[in-house]
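In: I would like the atomic coordinates for the input below:
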Amino acid sequence: MSHWRRVRFAAGCLAAAFTASLAFPPLAAAGPLSQAQLQALNDKLSNEVGYYLGAEEEKHADGKPYIDLGQRFEYMPSRGRGGAIVIHAKIGGAEYIPNKGEMTKGIATGKLKYLVFTYALHGGEWSEIAKPQWQTQILGQKAAQRMTEAAARDEAAEAAARERALRATPASPAHPAAAATAPAVPNAAVTP
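Out: Here you go, the predicted structure:
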C-alpha cells in the first residue's frame with residue numbers, strides 16, 4: 001500500500017471515529033465514548049484493514065478482480081450482551097476488473113463489496129467479537145457502466161490536476177545566486 005494512501009486512510013478513519021461520537025445520540029445518552037476509546041478503536045481498525053487493502057492492491061497488480069476500498073469507515077453502534085457497546089465498522093468499494101497492462105481502475109463489475117468489522121468495548125478495551133465478513137450488493141450492468149465511466153472521469157481529472165500542478169511549479173534558475181543579484185531594469189513603457 002502506498003504511503004499516501006495509508007495517510008489518507010488513517011486521516012479518514014480518524015475523522016470518522018471523531019464523528020461517530022457526535023452522530024450517535026443513543027450512545028451518548030448511555031455514556032459517550034471518550035476520545036481515547038475512539039482513538040483505540042481507530043488504531044485497531046487501521047491495523048486490521050491494512051492487510052485487506054494490501055491484498056486488494058496485489059489483486060489489482062496481478063490483473064485479478066479487486067475491490068477499490070474507500071478511505072473511511074462507517075460506524076454502526078449497537079448494544080451487546082450486558083449493555084456493552086458494540087461497533088460494526090464498515091468499509092467498502094466497487095469491484096473492478098483491471099485492464100491488462102494499465103494502472104487504471106479498469107472495468108466495474110456492478111458489485112459493491114463491504115468489509116464489516118465487529119468490536120465490543122469491554123472494561124475500556126476493544127475486542128473483536130466476530131471475524132471480518134464481506135457483504136456484496138449487486139447493482140447490475142447499467143450501474144457497472146456508470147461506475148466505469150465515473151472512474152475514467154476521475155482518473156482523467158486527477159491526471160489533469162497533476163499536469164496543471166507541474167506547469168504551475170516555477171522553474172528554478174540555473175544558478176540561484178544569479179537571479180538574486182540581477183539588477184532591476186525599469187520598464188520604459190511604465191516610467192513617467
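
In: what about Q71, which helix or strand?
Out: Per DSSP states H and E: Q71 is located in neither a helix nor a strand.

In: where does it land on pLDDT?
Out: Q71 carries a pLDDT score of 83 in this model.

In: From S34, how far out is it?
Out: 24 Å (C-beta to C-beta, to the nearest Å). The C-beta positions use only the backbone N, C-alpha and C, and glycine is treated the same way.

In: G123 now?
Out: 14 Å.

In: Comparing those two, which shows the higher neighbour count?
Out: The neighbour comparison of G123 against S34 (other C-beta atoms under 10 Å) goes to S34, with 11 against 6.

In: Tell me how many other residues surround the residue lying closest to H88 once chain neighbours are set aside.
Out: Of all residues not flanking H88 in the chain, M76 sits nearest, at 4.3 Å (C-beta to C-beta, 6 or more residues apart in numbering). Using other C-beta under 10 Å, M76 has 14 other residues around it.

In: And the pLDDT at M76?
Out: The model's pLDDT for M76 equals 89.

In: got the contact list for it?
Out: Taking C-beta atoms under 8 Å, 6 or more residues apart in numbering as the contact definition, M76 lies against I87, H88, A89, K90.

In: Look up how far V49 lies from the most centrally placed residue in the chain.
Out: Nearest to the mean C-alpha position of the chain, by C-alpha atoms, centre = their mean, lies Q71 at 1.7 Å. Separation of Q71 from V49 (C-beta to C-beta) stands at 10 Å.

In: got it, and E57?
Out: In terms of C-beta to C-beta, E57 sits 12 Å off from V49.

In: With neighbour numbers in mind, choose between the two.
Out: V49 (20 against 16).

In: Name the nearest residue to the more buried one, sequence neighbours excluded.
Out: Using C-beta to C-beta, 6+ apart and skipping the chain neighbours, the partner closest in space to V49 is I91 (6.3 Å).
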